[in-house]
Structure formats: structure tokens, C-alpha cells
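*Asks:* Need a 3D model of the sequence below.
(one chain, ligands or ions: 1)
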Amino acid sequence: MKIPEKKTCLYDVVIIGGGVCGCSLLYALSRYNVRAVLVEKENDLAAGASRANSGIIHAGYDPEPGTLMAKYNAAGNPLMYEICAALDVPHKKTGSLVLAFDQAGRQTIEKLYAQGVQNGVPDMKILEYGELHAREPRLNKDARCALFAGTAGVVSPWEFAIAQAEAAVQGGAEVLLDTEVRGVTARDGGGFSVAAGAGSIEARFVVNAAGLNAGAVSGMIEPAFFTIRPKRGQYFLMDASQAFLTDTVLFQCPNENGKGTLVAPTAHGNLIAGPDSERVSGDDRANTAGGLAFVREAALRTIPALDFAYSIRNFSGVRADSDHPDFIIGESEHAPGFFNIAGIKSPGLTSSPAIARDMVVMLEKAGLLLAPNPRFVSKRKVIRFKQLPREARQKLLSENPRYGAIVCRCETVTEGEILEAFKRPLPPRSLDAVKRRCGAGMGRCQGGFCGPRVLALISRELGVPPREVPLDRKGMYLITGETKTSKGART
Ligand SMILES: Cc1cc2nc3c(=O)[nH]c(=O)nc-3n(C[C@H](O)[C@H](O)[C@H](O)COP(=O)(O)OP(=O)(O)OC[C@H]3O[C@@H](n4cnc5c(N)ncnc54)[C@H](O)[C@@H]3O)c2cc1C
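*Replies:* Numbering: from 1, shown residues only. This is a model prediction of the structure:
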């Protein structure tokens, strides 16, 4: 198929899917004068696997050497730290430990160490019993030794996606939310017509980053050559009061089902325990008693003192595993100009910025012109009131008293921060979208107290009735009707 001249298409690149892969690509493209648009079917970005995962910046010893997963994990790790620092995304370099409880475990961590060396992972070491327990005093005393990787860390995965998309939009890119791609067809003169929402988008290049739907989207334009096989992982989110137990990512040995159940700090100061691994049909994010019991048992094997009475939430995410052993990345053989970023299971979050940079190179090779974008946003800062020093808080308060009204008491999130989120390039449309931008509702009460106030603010800022403000996805409403009419209400 012929790639058309730039002037005949409205957009240069359409990206389908607003997870970390799509958002990282949009941001990488925004370095250049490229007309790019990202199309997402949900009402917010990071609505799929990118919002519900372990949030680990993997060091890169886990994937088999020579695979795309190994290449992009190793390259993505330093890029994650670079982008998080530049765009003010919550993250922390914590280091990680893979624990060995027996001789088989020791052999596994020795293999992982050797793989890490081959993959070019720096700062790894096998810690023997004394050193291990001196470093992690609350570990199960049965752990004999561990593989330490100093470059592992934790990140807020949804903020990583949203921050990049916001910066890209500020730099001139576009994002269409609530817009589902229904078809992709080749245009007569070259390029593609993408049926999206109620209309269509014309573009020279299409990149499919549709996560669990990547197989279906690829099937719109090329013969099926891979199938997505979703695998769910379940978690406990623990209250911040449990965070004293460890500040390191603690894995058990990986097995055929994944990287091993972990206990880890989160970028927001909690602990998580999970995931398990279970094949499911589609985007099935249910939590099950069996899955949670498995996670609980595994986590207690790592830290026996972990107190599940302090679990504040369960959640699950669904991995876009495929029938290919590796990531599926590249240009279609049948539809030149159409690219896949598919089968992006773990370590997809860590790999996403490296995949994005490589995809830009692939697009350039396919004919995309890359002139520098003078509007490129290389830095941004977010106001997080509770993290500010006293003098900075006072200055802010004197400028805007809304920073003195605390809406979320668990996480100390102010009205000023929530209102600021509505001024950003991609304002929130749901309670969870506010949570993902400001942290309101992330704490111990999980929005029980602040939820109604946040709902009222969204209603006011967007000018929609409270009944039309969703908790999360469209159709998930908190208010479904009035219990009393004002006429019938007692005074
Ligand atoms: C349980 C679990 C734990 C994990 N832990 C880690 C970890 O610790 N570290 C790590 O590096 N990786 C981890 N991963 C992997 C990582 O989360 C994923 O690889 C990554 O989030 C995938 O991003 P994505 O953009 O490819 O897909 P997604 O985040 O799923 O995004 C795809 C988007 O496409 C949209 N979409 C789908 N169809 C259409 C359509 N027709 N039109 C428009 N939009 C569409 C969806 O709504 C979605 O928003 C984990 C994954 C899971 C599930």
C-alpha cells in the first residue's frame, strides 16, 4: 500500500488505545512536528491494564535474553526514571529482592542473575542470609538468600500515562476520549480511514495499542496472526500504616505463571500484595475468594507480620498475554503503515517508554517526517499540598484560599488541587479520574467521606447534574435517583 503525501491526510498518526503504551508513544511523538491523535474508548486514560498492575519499574533480569521483552525492559528502566523526574510523576527507586527459600530457589536466582548480566542490568548482587536479614529484618526467617537489583523501583502507573498524555497535548497533540475505534480501512490514495466514535479519522499511519482488544483491532485491517489470552492478577492494597514492614520490592521466585507474588511499597506510600495469575475471558476484573486466599498465603510467606486487617481495598488487573511468547511490535506485513504494539504483558509498563522511542524510529523509516516541535513540553510540576514545605504552603494559601480546604482527609488533598486538575489539558470526568490525578479517595476510607464532596465539585466544574457524574466508567453512577422529592421531604 502506498503511504500518501502528508497534505492529503488530516493526521500523520492515529494511536488506538490510551494505556501507558499509547500515551508514551503520543509523548515521544510530541518531540516532533507530527499531527498525532490518540483515541481511547473509555472516559479517561489508563483505563485498562495500565491502571491496575503492580506498578514496578522492573530492573530487567527476568525476561529471557534476546527477546523484545528483555530489550525494552532494560532500555525502559532508566527512561522511566528520566520521564518521571521530568514530568513530576510519583516514583521511587527502591531496589528489589527475589527471595530463595530452598536450593531450587537459589538456582532460580542464580539463573536470573546470569540473565540480568546478559540483558545489561547494572547493580545486581546475590545477598546471603546475614546480609539479607540485616537489610530486611521483617522477612520470613526461612528466606535463605536473594537476588538484589538496585535499579528496580515503583511508580504510579496511571499518573505515568496521564502525565505524558497531558504534556503531549500541551505540545500540540490531541486526545479523543469516549471514542471507540470500530474499524480500520485502507484508503484508495494510501493511508487509513479509522472509524471512531460517530465519525472517522484519516491518517497516514495507525498504531494499535489497544491492550486486550489489540487482536480485534489488528483483525480490522490484517489477517489474524495473534490472539490475546487475558490473564487476571488480584491484589490487596494495604493501609499506609503497614508501610513500615518494607521499603523494598519483595518477589518470590518466578514460575510459569509470572514474576512471582510480591509484597511491595507503592509510589503513594501504601503496601500492595499480589498478584496471582488466572486465565479469564475478556476484561474480567472480578476479585475471587480463591485468588485472594492464594495471594494472602504467598504474601505471608514473604512477611509473616503483614496484617490483613489493614487491607483497604482489593483490585485486579488483566494482562494482555497472547499466544506469542514475546511482545508483538512492528509494522504489519499486509497493511504497510499499520503498526502493532500488542501482547504487552509485564514488563510492559517499564518497557513502554523504550517501545515508544523505537516506534518513532519505525514510523520515520516508514516515511514519517520528524522535524523538532518547538512546543515540546520537557518538564512539568504538579502541586501536591501535603508535600510542600510550610513556607510554600503559606504562600499558596495567601494566593488561593482553596488550598486551605481539605477535601480528602485520609490523603490530605485540598480543594485547590482538585480544582487545578480541571485546568489541566485533560480534565477529569469521573470520581476515579480525580483520584488518579490528585489522590482524593485513595486513602483508608477509599472515598467514603470525600466522595460526595468530590462529586459535587465535578458536577459544578463540568456543569453536569450530580446524577450524571460517574464513579469510573460511563454508566457507573453513584447517584441513581432521589430518595425523597423536595416536596415530600420532611422539614
Ligand atoms: C496484574 C498485572 C501486573 C502487572 N505488573 C507490572 C509491573 O509491575 N511492571 C510492569 O512493567 N508491567 C506490569 N504489568 C504490565 C503492564 O501493566 C502492561 O503491560 C501495560 O499496562 C500495558 O499497557 P497498554 O497501553 O499496552 O495496554 P492498556 O493499558 O490495556 O491500554 C489499552 C487501552 O486501549 C483501549 N482500547 C481498547 N480497545 C479500543 C478501541 N477499540 N478503541 C479505542 N480504545 C481502545 C482500552 O480502553 C485501554 O485503555 C502488569 C500487568 C498486570 C495486568
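
*Asks:* can you list the domain ranges for the protein.
*Replies:* Here the domain parsing of the chain from automatic domain parsing is 1-90+152-227+320-381, 91-151+229-317, 385-468.

*Asks:* what's the closest of these to the ligand?
*Replies:* For the domains of the chain, distance to the ligand was read as CB to the nearest ligand atom. The smallest value, 1.9 Å, belongs to domain 1-90+152-227+320-381. (Each C-beta comes from the backbone N, C-alpha and C, glycine too.)

*Asks:* ok, and does that closest one reach over to the ligand?
*Replies:* Yes. When contact is scored as CB under 6 Å from any ligand atom, part of domain 1-90+152-227+320-381 falls within range of the ligand: 16-22, 39-42, 47-50, 53-56, 58, 180-181, 209-213, 217, 344-350.

*Asks:* the strands in the stretch 301-450 of the chain, which residues?
*Replies:* Counting by DSSP state E, counting those that start in this stretch, the stretch 301-450 of the chain has strands at residues 311-319, 328-331, 338-342, 406-408, 413-414.

*Asks:* Could I get the ones you listed in a markdown table, plus columns for distance to Lys111?
*Replies:* Compiled in a markdown table, the strands of the stretch 301-450 of the chain are given as follows (distance: least, CB to CB, whole Å):
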| stretch | distance to Lys111 |
| --- | --- |
| strand 311-319 | 23 |
| strand 328-331 | 26 |
| strand 338-342 | 28 |
| strand 406-408 | 45 |
| strand 413-414 | 44 |
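
*Asks:* nearest to Asp432, of those strands?
*Replies:* Nearest to Asp432 among the strands of the stretch 301-450 of the chain is strand 311-319 (11.4 Å), distances taken as CB to CB.

*Asks:* List the contacts of the spatially closest residue to Gly439 that is not a sequence neighbour.
*Replies:* Spatial nearest neighbour of Gly439, chain neighbours left out: Glu411 (4.7 Å); criterion: CB to CB, 6 or more residues apart in numbering. For Glu411, the contacting residues are His268, Lys386, Gly439, Ala440, Gly441, Met442, Gly443, taking CB atoms under 8 Å, 6 or more residues apart in numbering as the criterion.

*Asks:* Which elements pack onto the biggest helix by length in the chain?
*Replies:* Scanning the chain for the longest helix, with DSSP state H as the assignment, gives helix 68-87. In this structure, helix 68-87 makes packing contacts with strand 56-57, strand 91-92, helix 103-119, strand 153-155, helix 157-170, helix 348-365, judged by 3 or more CB pairs under 8 Å, 6 or more residues apart in numbering; DSSP states H and E.

*Asks:* If you average the pLDDT over the fourth one, what comes out?
*Replies:* Averaging pLDDT along strand 153-155 gives 98.

*Asks:* try the third one
*Replies:* The average pLDDT within helix 103-119 is 97.

*Asks:* Next, the buried residues of that helix.
*Replies:* Of all the residues in helix 103-119, those buried under the rule 16 or more other CB atoms under 10 Å are Gly105, Arg106, Thr108, Ile109, Leu112, Tyr113, Gln115, Gly116, Asn119.

*Asks:* picking up where we left off before, with mean pLDDT as new columns, can the strands of the stretch 301-450 of the chain be given to me in JSON lines?
*Replies:* Listed next are those as JSON lines, based on pLDDT from 0 to 100:
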{"stretch": "strand 311-319", "mean pLDDT": "97"}
{"stretch": "strand 328-331", "mean pLDDT": "98"}
{"stretch": "strand 338-342", "mean pLDDT": "98"}
{"stretch": "strand 406-408", "mean pLDDT": "96"}
{"stretch": "strand 413-414", "mean pLDDT": "97"}
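
*Asks:* Can you lay out these as CSV showing mean neighbour count and distance to Tyr235?
*Replies:* Below are the strands of the stretch 301-450 of the chain laid out as CSV (neighbours: other CB atoms under 10 Å; distance: least, CB to CB, whole Å):
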stretch, mean neighbour count, distance to Tyr235
strand 311-319, 20, 5
strand 328-331, 18, 26
strand 338-342, 26, 24
strand 406-408, 23, 21
strand 413-414, 26, 22
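
*Asks:* Cool, thanks, talk later.
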